[in-house]
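In: Sequence unavailable; structure follows:
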């Protein structure tokens, strides 16, 4: 991390827990315990953060309790993430947890979200729930793989247009105007 910072990295993101293979073997009862979201080892995170002079974000936050602990420990930001949906069937998604995590953080640190966002309308929803930013991965990779840098640019423009369309439909002129009045999280 220190090397990355020396080379100009503006922030560091530490992923917590672990992703697991999404196979039939991984889903066997013998492996179910290994598939759960592991507890965050804050002592290790503190050691990794020591001496780093850029913001450190923690990725893999999925509960309000983890979010509150991150704030108390001086983390500069969190990423609500469940490893792209690789959790056991029936487990909660990142966007379902976002509102309660936003409330737990109470504006003290930025809250980003990662969770298989593919459409601008979903980005709009995450912003309405209070996310500071939405992380986009696969769509950019697909655009880049299919059409090179122009494909990645086209994906970004498409997502931006879709977010803008959502804003226009809800009468929101700026990103800061987007709020929870335009979305409803259905209880399951």
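Out: Thanks, I have the structure now. This structure is a prediction, so every number in the text was calculated from the model and none was measured.

In: list the buried ones in stretch 41-49?
Out: Buried residues in stretch 41-49, counting neighbours by 16 or more other C-beta atoms under 10 Å, are found at 42, 45, 49. From N, CA and C alone the C-beta is placed, and that goes for glycine too.

In: pretty sure residue 61 contacts residue 82?
Out: No: in this structure residue 61 lies outside contact range of residue 82 using C-beta atoms under 8 Å: 9.8 Å.

In: Just want to know which of these two has more residues nearby.
Out: Higher neighbour count among residue 61 and residue 82: residue 61, with 32 against 23, using other C-beta atoms under 10 Å.

In: Identify the bridge partners of that one.
Out: Beta bridges link residue 61 to residue 80, judged by DSSP bridges.

In: all numbers from here: first residue = 44
Out: Taking 44 as the first residue, the last one we looked at is residue 104.

In: any idea how far it lies from residue 187?
Out: 28 Å (C-beta to C-beta, to the nearest Å).

In: Leaving out sequence neighbours, find the closest residue to residue 119.
Out: residue 98 (3.8 Å; C-beta to C-beta, 6 or more residues apart in numbering).

In: next one: phi and psi at the one you found?
Out: phi -60, psi 140 (degrees, to the nearest 10).

In: tell me the contacts of it?
Out: 53-55, 119-120 (C-beta atoms under 8 Å, 6 or more residues apart in numbering).

In: Identify, from the residues you listed, the entry nearest to residue 206.
Out: residue 120 (21.0 Å; C-beta to C-beta).

In: buried stuff in the longest helix seen in the chain?
Out: Ranked by number of residues, the top helix in the chain under DSSP state H is helix 181-213. Neighbour counts using 16+ other C-beta under 10 Å place 182, 186, 194-195, 198, 202, 205-206, 209-210 of helix 181-213 among the buried residues.

In: ok, now stretch 46-64?
Out: Quick answer for stretch 46-64 (16+ other C-beta under 10 Å): 55-57, 59-60, 63.
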